[in-house]
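Undergrad: here's a sequence, model it:
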Amino acid sequence: MSDLAVELESDLGDLAPLITEELRTGWHASMVTAEMRQQRIKAASDRLEAARGTVDGIGQHTMSIDFDSYIYWNNLLPGCWKDKGFREEFKKSNPHTVVTTTSKPTIVVQ
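TA: Here you go, the predicted structure:
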């Protein structure tokens, strides 16, 4: 254990293990909460896409990402969301972020 950890443990006494556990579980709780939000986003996006569809050539909604995940990765790797390779790898690792899209042919009415 580092000198700082020993010093903190002596200062905090019986609270040290409780604080350590809270920090550990708090991080995991945040990750689980983000994952649950992401799955709700995926379900809602799928429902919207099924109802709306897309038009060829206009662009497509390909991923819906939880805000906490977006900020985490952008802080870790600034500008990563602009990198197509990163987005493709993120989709492979996180299939629940992928939005199912259906395209409709463009119809011109005269």
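Undergrad: what's the separation between residue 60 and residue 3?
TA: 55 Å (Cβ to Cβ, to the nearest Å). Every C-beta, even on glycine, is put in place using the N, C-alpha and C of the backbone.
Undergrad: and the two? which has more neighbours close in?
TA: residue 60 (13 against 7; other Cβ atoms under 10 Å).
Undergrad: I'd guess the more buried one is in a strand, am I close?
TA: No - using DSSP: H, G, I helix; E, B strand; the rest coil, the assignment for residue 60 is coil, not a strand.
Undergrad: give me the pLDDT value at it.
TA: Residue 60 carries a pLDDT value of 71.
Undergrad: all strands of the chain, in order?
TA: Remark: strands assigned in the chain by DSSP state E are 54-55, 103-104.
Undergrad: of these, which shows the lowest average pLDDT?
TA: Looking over these, mean pLDDT reaches its minimum on strand 54-55, with a mean of 53.
Undergrad: can you tell me the closest non-neighbouring residue to residue 73?
TA: Nearest non-adjacent residue to residue 73, counting by Cβ to Cβ, 6 or more residues apart in numbering: residue 80, 5.5 Å away.
Undergrad: how many residues are close by the one you found?
TA: Residue 80: 16 surrounding residues under other Cβ under 10 Å.
Undergrad: my guess is residue 99 contacts residue 44, does it?
TA: No - the pair residue 99 / residue 44 is not scored as a contact, 9.9 Å apart, by Cβ atoms under 8 Å.
Undergrad: hey, what's in contact with both of those two?
TA: Among the neighbours of residue 99, those also in contact with residue 44 (Cβ atoms under 8 Å, 6 or more residues apart in numbering) are residue 64.
Undergrad: okay, these two: which has more neighbours?
TA: Neighbour totals were compared for residue 99 and residue 44, and residue 99 leads with 17 against 12 (other Cβ under 10 Å).
Undergrad: report the contact partners of the more buried one.
TA: Contact analysis of residue 99 by Cβ under 8 Å, 6+ apart lists 42, 45, 46, 49, 61, 62, 63, 64.
Undergrad: could you rerun that using 6 Å?
TA: For residue 99, the contacting residues are 45, 49, 61, 62, 64, by Cβ atoms under 6 Å, 6 or more residues apart in numbering.
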